[in-house]
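Chemist: Got a sequence here, can you build the structure:
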Amino acid sequence: MKKLKKFHTKVLVIAEKMKWLPGLLTRLTLGVMFVEAGWGKLGHIAKVTQFFLELGIPMPEFHAWLVALTELVCGALLIVGVFVRYASVALAITMGVALVTAKSESIETITDIAGVPEFLYIILLSWLAVFGAGSISLYRALGNPWAKK
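Modeler: Numbers count the residues shown, from 1 in each chain. The predicted model follows:
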C-alpha cells in the first residue's frame, strides 16, 4: 500500500508539471485543422458558395467568404495563442451553423451528435474559450499586454 501511495504521488507531481500540454495540443491541433480548412475554402470559394446555396444559406457568397476567413484567421490565432477565447467562440459559432445546416441530415437522435466531428470541435473550442491560450502562447510571452494597468 505504501508503494502504491508513493507511485500515486509521483504520478500527481508529473501530471502537475505537464498540465500545460493538453491545452497546447488542443490549440495547435484545432488551429492547424481550421487554417487548412479555411485555406482550402478560399482556394475553392465558388464551390463553397454553390454548396451554401444548395443548403439554403442566405447570401451564400458572403457567408462562404466569412466562413473561409473566420476559419483561416481564427485558426492562426489559435496556433500562436492570441485572442484564443474570441477565436474559439467565433469558430464554435461557425461549427454550430455547420451542424444545423450541413450536418443536420446525419443527426437523427441525440446520440448521433457525438459522432459528428463538428460537435467535438465545439466541445474543444468551448474548453479553449473558458481556459484561454495557456502558458505556452504568444499571449503569455507578451505578458498579457491587454490587461488593465
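
Chemist: So what's the residue count around Leu78?
Modeler: Neighbourhood size, Leu78 [other C-beta atoms under 10 Å]: 28. (Glycine included, C-beta is placed from N, CA and C.)

Chemist: so it sits right up against Ala87, yeah?
Modeler: Yes - at 5.6 Å, Leu78 and Ala87 qualify as touching, with contact defined as C-beta atoms under 8 Å.

Chemist: can you map out the helices along this structure?
Modeler: 2-17, 21-43, 45-55, 60-80, 84-100, 117-131, 138-141 (DSSP state H).

Chemist: buried ones in the longest one?
Modeler: Right, the one you point to is helix 21-43. Of all the residues in helix 21-43, those buried under the rule 16 or more other C-beta atoms under 10 Å are 23, 26-27, 30-31, 33-35, 37-38, 41-42.

Chemist: Could you list every helix and strand in contact with that helix?
Modeler: Judged by 3 or more C-beta pairs under 8 Å, 6 or more residues apart in numbering; DSSP states H and E, the packing partners of helix 21-43 are helix 60-80, helix 84-100, helix 117-131.

Chemist: The worst-scoring helix or strand of the chain on mean pLDDT: how far from the chain's middle?
Modeler: Using mean pLDDT, DSSP states H and E, the weakest-scoring helix or strand in the chain turns out to be helix 138-141, at a mean of 80. Counting by C-alpha atoms, centre = their mean, to the nearest Å, helix 138-141 is centred 18 Å from the centre of its parent chain.

Chemist: Then stretch 16-35?
Modeler: With C-alpha atoms, centre = their mean as the basis, stretch 16-35 stands 10 Å off its chain's centre.

Chemist: Contacts for that stretch, please.
Modeler: Judged by C-beta atoms under 8 Å, 6 or more residues apart in numbering, the contacts made with stretch 16-35 from elsewhere in the structure are 71-72, 74-79, 81, 84, 91, 121, 124-125, 127-128, 131, 133-137.

Chemist: hmm, try it at 6 Å
Modeler: 71-72, 75-76, 78-79, 124, 134-136 (C-beta atoms under 6 Å, 6 or more residues apart in numbering).

Chemist: Of the helices of the chain, which is nearest Thr111?
Modeler: Each of the helices of the chain has some distance to Thr111 by C-beta to C-beta; the shortest is helix 117-131, at 11.1 Å.

Chemist: Could I have the CA atoms of that closest one written out in PDB?
Modeler: Only the C-alpha atoms of helix 117-131 are listed here, as PDB (Å, rounded to 0.1, in the frame of the first residue of the first chain):
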ATOM      1  CA  PRO A 117     -16.700  16.000 -35.800                       C
ATOM      2  CA  GLU A 118     -18.200  19.500 -35.700                       C
ATOM      3  CA  PHE A 119     -19.700  18.700 -32.300                       C
ATOM      4  CA  LEU A 120     -16.300  17.600 -31.000                       C
ATOM      5  CA  TYR A 121     -14.800  20.800 -32.300                       C
ATOM      6  CA  ILE A 122     -17.500  22.800 -30.400                       C
ATOM      7  CA  ILE A 123     -16.600  20.900 -27.200                       C
ATOM      8  CA  LEU A 124     -12.900  21.500 -27.600                       C
ATOM      9  CA  LEU A 125     -13.400  25.200 -28.600                       C
ATOM     10  CA  SER A 126     -15.600  25.700 -25.500                       C
ATOM     11  CA  TRP A 127     -12.800  24.400 -23.400                       C
ATOM     12  CA  LEU A 128     -10.400  26.800 -25.000                       C
ATOM     13  CA  ALA A 129     -12.900  29.700 -24.600                       C
ATOM     14  CA  VAL A 130     -13.100  29.100 -20.900                       C
ATOM     15  CA  PHE A 131      -9.400  28.300 -20.200                       C
END
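
Chemist: Since that was my last question, I'll sign off now.
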